[in-house]
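Novice: following is a predicted model, sequence given first.
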Amino acid sequence: MAILKKNIWSLFYIIAFVGVIILSSIVYKVFFQIEKELQLEQENIVKVTSSSLNSIFLQYESVLDILGIQLTLDNSYQTLNKARPILDNVLKLNSSIIAFGLAKPNGQLYITSSNLKNIKKLPNLLNKEETRDSFALALNSDIMVIGRTYYHKTLDTLIIPIRKAIRNNTGETVAVMTAGIHVNKTFSFLKNTKNEVFLFRNLDYYYQLTSQRTKSNLSIYDNPIPKTYIEATIRKIEKKYNTTLKKIKENKKVTTIMTNRYKNKSEILESFQYLERYDIWVVSYLPYTLIMKNVYSISSVLVLIFILVSIIIYYLFRYIDGYEKQKQEALYHQATHDYLTNLSNRLYLKNEFRTLDSNKPFSLLFIDMDNFKSVNDNFGHDFGDKLLKEVSNRLVSFRKDNDSIVRYSGDEFFFITNVTDKVKIKDISANIIKELSQPYHLGQYQFRLGASIGISQFPEDADNFDDIKRYADIALSEAKKEKNTYSIFEDSIKHKYLKQSLIENELKNALENNEIYMMYQPQINRNGTLYGVEALVRWDNNKLGFIAPDVFIGIAENSGMMGDLGKFIIKESLSEIQKLQQKLQINFQLSINISVKQFIEKDFYENLLIDIEKYDFDKIKLTLEVTENVFIDDVDFIVSLLNKLKQQDIKVSLDDFGTGYSSLSLLKQLPIDELKIDKTFVDDILIDDDSLSMVENIISIGKRLNMVVLAEGVETIEQKELLQNYGCDLFQGYYFSKPLKKEDLEVYLGKKF
Ligand code: C2E
Ligand code: CA
Ligand code: CA
C-alpha cells in the first residue's frame with residue numbers, strides 16, 4: 001500500500017491491466033454467446049425449413065397418390081384419351097406443377113398432360129443420365145422419388161422432377177408417373193437471408209435447391225458436391241457429436257459444425273438435418289466473418305465504454321496525483337525554506353548543490369550583515385527578526401530568473417547567481433551593499449547597518465560546493481576586516497589561505513615533533529627589580545621555518561587545536577619556571593597567555609588546578625592573561641570563572657587593554673588584578689598626544705579600580721620614564737629584555753638579580 005501511495009500510477013496501471021483482462025474475458029464470453037445464439041437461430045432455420053420441405057413434398061406425394069388411384073381405375077393409364085383429362089384436371093388445380101407425364105416401366109414416356117402435347121419425341125427416362133437413377137428408384141419404391149433439379153430455359157425456372165410408381169391390384173408396377181415442380185412458385189419461402197440454405201441429395205450429392213437463385217448460380221446443379229468434401233464434413237460431424245452418420249440420420253437431429261466452404265475455403269458455421277423420407281440433406285450456413293462482425297460491433301461498444309471509463313479514471317488519477325504532488329511540493333517548500341524570510345534554507349542548498357555541473361558556472365555571494373549582533377542585543381530578537389525580513393526583501397529585489405537566495409544562518413545570506421563576469425559581479429555586490437546599507441525604518445527607530453560580501457566562483461575556484469562555500473567565507477572575512485565592502489576570493493587571498501592550510505597541516509604534528517617551546521620575557525617593577533616573566537610560545541618548523549605566535553595561535557584556535565596546545569603551554573611554563581625558581585631560589589610571577597578557546601573549555605579550571613598541584617607551583621605567583629574578547633560570549637560564565645580563580649589567589653590580567661570595546665561599567669564588575677597597556681599605545685606616547693592621553697586614562701582607570709597597571713612594548717628609557725611618571729606599576733619590553741629561552745633567562749636572572 002505504501003508503494004501505491006508513493007506511486008499512484010502503479011495503482012492506475014494495475015486497474016487498467018485488470019480492466020483489460022475483464023474486458024477480454026467479457027469479449028470472449030460475448031463471442032461465445034453470439035456464436036451460440038447464431039447457431040441456435042440457424043438450427044431453427046434448418047428445422048423449420050426441413051419440416052416445411054417435408055410437408056410440401058408430402059403434399060405433392062399425396063397429389064401423385066390420388067392421381068395414381070384415378071389412373072388405375074378402369075386402367076385409364078393405358079389410354080391417352082382417358083389419362084390425359086385426368087392429368088390436365090389435376091394440373092389445373094396445382095399451378096405449381098409444370099406438367100405431368102406417364103412413363104412405361106421401360107422408361108419410355110407415353111402420355112403427358114396436354115400442355116406438353118407438342119413435344120414430338122418423348123424421351124426415355126432410363127436413357128438419360130440425369131433421370132436414370134431416380135427413375136429406377138421410383139420403379140421399386142412406395143415413396144415418391146425426387147429427381148435432380150434442372151433449369152428449364154423456356155419457362156425460365158428450375159424444375160424439380162418427382163416420380164411415383166403406379167401399381168395394379170397385384171402390386172406390379174405398371175407405369176411411373178412423373179411431374180415437374182415449379183421451384184420459383186413452390187419454394188419462394190427459401191429466400192436469401194443472412195443464413196444460406198441449401199438442399200443436397202444424399203444419393204448423388206447433387207444440389208437439390210439453394211436459397212441463392214440467381215442466374216449465375218444455375219450451373220451448381222450440373223455437378224455434384226465433391227465426395228471428398230462431403231466425407232470430410234461427415235467425419236467432422238461424427239467426431240464432434242461422437243456418433244455415427246447412421247445414428248445422425250436416424251435421430252433426425254440438427255447438427256452444427258465449424259468448417260470451411262469447399263469452394264473458397266472461407267470459414268463457416270454449418271448446420272445439417274437429414275430428411276429421411278426423401279433422402280435429402282437440409283443445410284444452412286453462416287459465414288464466420290458475419291459472426292465476427294457481430295462480435296466486433298458489440299466488442300467495439302464495450303471497448304469504447306472501457307476507453308471512456310479508463311480516460312475518466314486516468315483524469316481522476318491525474319487529479320489525485322497532481323494534488324499529491326502539490327502537497328509534496330508544499331511540504332518540500334516548507335522543508336527547504338526559512339520560516340522567517342521564506343528564503344531557501346540550508347536543506348535546499350544541500351539538495352540543490354550536492355552535485356555540480358561544470359557547464360553551469362555560478363558565483364556565490366556570501367553576505368553577512370555588519371554589527372547585526374548589536375541590534376539583537378540591544379533591541380531584542382523580535383526586532384532583529386523584523387530587520388532580517390527587511391534585509392531579505394531588499395535582497396530579493398536583486399534576484400533574476402535563475403538566482404537563488406538562501407538564508408544560511410542568522411544574518412548570513414547566500415546570493416547565488418549564474419553571472420560570473422568579475423566586473424558584473426563586483427557591480428552587483430556593490431549595489432547589494434549599497435541597498436542593504438540604506439537606513440531601515442522599524443517602528444520609531446531608524447537604523448543603518450552595513451553588509452560585507454565574500455565571493456567565490458564555480459568552477460573557477462573549486463569543483464565542489466563545500467570548498468566554494470569555504471572560499472566565499474574566507475573572502476568574507478577579508479571583507480569583514482574593512483566592513484561594508486566585498487572581497488573576491490582571488491589570488492592574494494587564495495595564497496594566504498593556502499599558506500594557512502599549510503601551516504594548519506604542519507601544526508597538527510608540531511607538538512609530537514617537539515617543535516613547540518616556550519620563551520619568557522621579564523616584567524620589571526618601578527624600582528627596577530624583577531616582578532615576573534610572561535610566557536610566550538614559539539614554533540620552529542623544519543619546513544616552514546619560524547612561525548610567529550600571533551599567526552599560528554589564530555590557526556590553532558580556528559582548527560580546534562588550541563585545547564592541546566594550551567595544555568602544553570600551561571604544563572611547560574609551570575614546569576620550567578618552577579624548576580628555575582627552585583634552582584635559583586628566587587620567587588617571581590609567571591604570566592601565561594590564555595586563549596578564549598581555552599578559557600571557555602569545560603574542564604579548564606579543574607585541569608589548571610591539577611597542573612598547579614602536579615608541578616608544585618605556588619598559586620599566588622600565577623597570572624593568567626586574557627584578552628577582552630573573552631567577554632563577548634557568555635559574560636556570566638566568565639565572571640564566575642574569574643571569581644573562582646580569585647578564590648584560589650590566581651591573578652588575572654587583561655591583555656591588550658584599550659584595543660577592544662570593553663566598557664568601563666563591565667570592567668567594574670570584573671575581578672581583574674592587572675591591566676596591560678597595549679604595545680601600540682606605548683609605541684606612540686612620545687610622538688602622539690592621543691596615545692599619551694589614552695595611556696593616561698588607562699592608568700587612572702586601573703588605579704581607580706585598584707588594579708596593577710603594566711605597560712608592554714617598552715623599548716626606550718624615555719618611554720619607561722614617561723610611563724613611570726604617570727603612575728604605571730610594571731614594565732615589559734625590549735628595553736629590559738627580549739623574550740628569552742629558559743637557559744638564557746637563567747643567565748639573565750643570575751646576572752641581574
Ligand atoms: P601579547 O600577549 O601581547 O604578547 C606580547 C608580544 O609583544 C610578544 O610577541 C612579545 O615578544 C612582544 N614584545 C614585548 N616587548 C616588546 C618590545 O619592546 N618591542 C616589540 N617590538 N615587541 C615586544 P609574541 O611573542 O610574538 O606574541 C605575539 C602574540 O601571540 C601575543 O601577544 C599573544 O597574543 C600571542 N601569544 C604568544 N604566546 C602565546 C601563548 O603562549 N599563548 C597564547 N594564547 N597566546 C600567545
Ligand atoms: Ca600577553
Ligand atoms: Ca599584549
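Specialist: That came through fine. Numbering: from 1, shown residues only. Ligands and ions are numbered 1, 2, ... in the order given.
Novice: how about the residue in the stretch 101-250 of the chain that ligand 2 sits nearest to, nearest residue that isn't a chain neighbour?
Specialist: With CB to the ion as the measure, K240 is the residue of the stretch 101-250 of the chain nearest to ligand 2, at 115.7 Å. To be clear about C-beta, it is placed using only N, CA and C from the backbone, and glycine gets the same treatment. Residue nearest to K240 in three dimensions, not counting chain neighbours: I257, with 5.4 Å by CB to CB, 6 or more residues apart in numbering.
Novice: report the buried residues of the helix or strand containing the one you found.
Specialist: Assigning secondary structure by DSSP states H and E places I257 in strand 255-260. Residues of strand 255-260 classed as buried: 255-257, 259 (neighbour count, 16 or more other CB atoms under 10 Å).
Novice: how about the residues of the stretch 601-750 of the chain by ligand 3?
Specialist: Applying CB under 5 Å from the ion, we find that the stretch 601-750 of the chain lies next to ligand 3 at 655-656.
Novice: flag every residue of the stretch 601-750 of the chain that's near ligand 2.
Specialist: So the stretch 601-750 of the chain meets ligand 2 at 625, 655 (CB under 5 Å from the ion).
Novice: before we move on, back to that, give me the helices and strands touching the strand or helix carrying the residue of the stretch 101-250 of the chain closest to ligand 2, please.
Specialist: According to DSSP H and E, K240 maps onto helix 227-241. In this structure, helix 227-241 makes packing contacts with helix 245-251, strand 255-260, judged by 3 or more CB pairs under 8 Å, 6 or more residues apart in numbering; DSSP states H and E.
Novice: for the closest residue to ligand 2 within the stretch 651-753 of the chain, which non-adjacent residue is spatially closest?
Specialist: Nearest to ligand 2, among the residues of the stretch 651-753 of the chain, is D655, at 4.5 Å (CB to the ion). Counting by CB to CB, 6+ apart, E625 is the residue found nearest to D655 once chain neighbours are left out, at 4.4 Å.
Novice: dump the residue contacts of the one you found.
Specialist: Contacts for E625 (CB atoms under 8 Å, 6 or more residues apart in numbering) come out as 534, 591-594, 652-655, 676.
Novice: dump those residues to JSON lines, plus pLDDT, distance to ligand 1 and secondary structure.
Specialist: Below are the contacts of E625 laid out as JSON lines (pLDDT from 0 to 100; distance: CB to the nearest ligand atom, whole Å; DSSP: H, G, I helix; E, B strand; the rest coil):
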{"residue": "E534", "pLDDT": "98", "distance to ligand 1": "7", "secondary structure": "strand"}
{"residue": "S591", "pLDDT": "98", "distance to ligand 1": "9", "secondary structure": "strand"}
{"residue": "I592", "pLDDT": "98", "distance to ligand 1": "7", "secondary structure": "strand"}
{"residue": "N593", "pLDDT": "98", "distance to ligand 1": "3", "secondary structure": "strand"}
{"residue": "I594", "pLDDT": "96", "distance to ligand 1": "6", "secondary structure": "coil"}
{"residue": "V652", "pLDDT": "96", "distance to ligand 1": "14", "secondary structure": "strand"}
{"residue": "S653", "pLDDT": "96", "distance to ligand 1": "10", "secondary structure": "strand"}
{"residue": "L654", "pLDDT": "93", "distance to ligand 1": "11", "secondary structure": "strand"}
{"residue": "D655", "pLDDT": "93", "distance to ligand 1": "5", "secondary structure": "strand"}
{"residue": "K676", "pLDDT": "95", "distance to ligand 1": "7", "secondary structure": "strand"}
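Novice: could you dump the residues you listed to a markdown table with distance to L580?
Specialist: Below are the contacts of E625 laid out as a markdown table (distance: CB to CB, whole Å):
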| residue | distance to L580 |
| --- | --- |
| E534 | 14 |
| S591 | 15 |
| I592 | 15 |
| N593 | 19 |
| I594 | 21 |
| V652 | 23 |
| S653 | 21 |
| L654 | 26 |
| D655 | 23 |
| K676 | 23 |
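Novice: ok, and for stretch 725-742, which residues are buried?
Specialist: Of the residues in stretch 725-742, 726, 728-733, 735-737, 739-740, 742 count as buried by neighbour count, 16+ other CB under 10 Å.
Novice: which pLDDT value does the model give G750?
Specialist: Per-residue pLDDT puts G750 at 87.
Novice: quick one: low-confidence parts of the stretch 601-750 of the chain?
Specialist: Scanning the stretch 601-750 of the chain with the threshold set as pLDDT under 70 gives 660-663.
Novice: burial of N402, as a residue count?
Specialist: Neighbour count for N402, taken as other CB atoms under 10 Å: 11.
Novice: likewise for F272?
Specialist: Neighbours of F272 (other CB under 10 Å): 22.
Novice: OK, contacts around the closest residue to ligand 1 within the stretch 201-350 of the chain?
Specialist: Using CB to the nearest ligand atom, the single residue of the stretch 201-350 of the chain nearest to ligand 1 is R346, 32.9 Å away. Residues near R346 by CB under 8 Å, 6+ apart: 406, 408-409.
Novice: by neighbours, which of the residues you listed wins?
Specialist: Ranked by the number of neighbours (other CB under 10 Å), the contacts of R346 place V406 first, at 25 neighbours.
Novice: isn't it right up against F414?
Specialist: Yes: applying CB atoms under 8 Å as the test, V406 and F414 come out as touching, 4.1 Å apart.
Novice: give the residues shared as contacts by the two.
Specialist: With contacts defined as CB under 8 Å, 6+ apart, the residues adjacent to both V406 and F414 are L349.
Novice: what bits of the protein have low per-residue confidence?
Specialist: Low-confidence segments of the chain (pLDDT under 70): 1-6, 119-120, 660-663.
Novice: how about the strands in the stretch 351-500 of the chain?
Specialist: Ranges of strands within the stretch 351-500 of the chain are 362-370, 404-409, 412-417, 440-442, 445-447, 450-458, 486-488, based on DSSP state E, counting those that start in this stretch.
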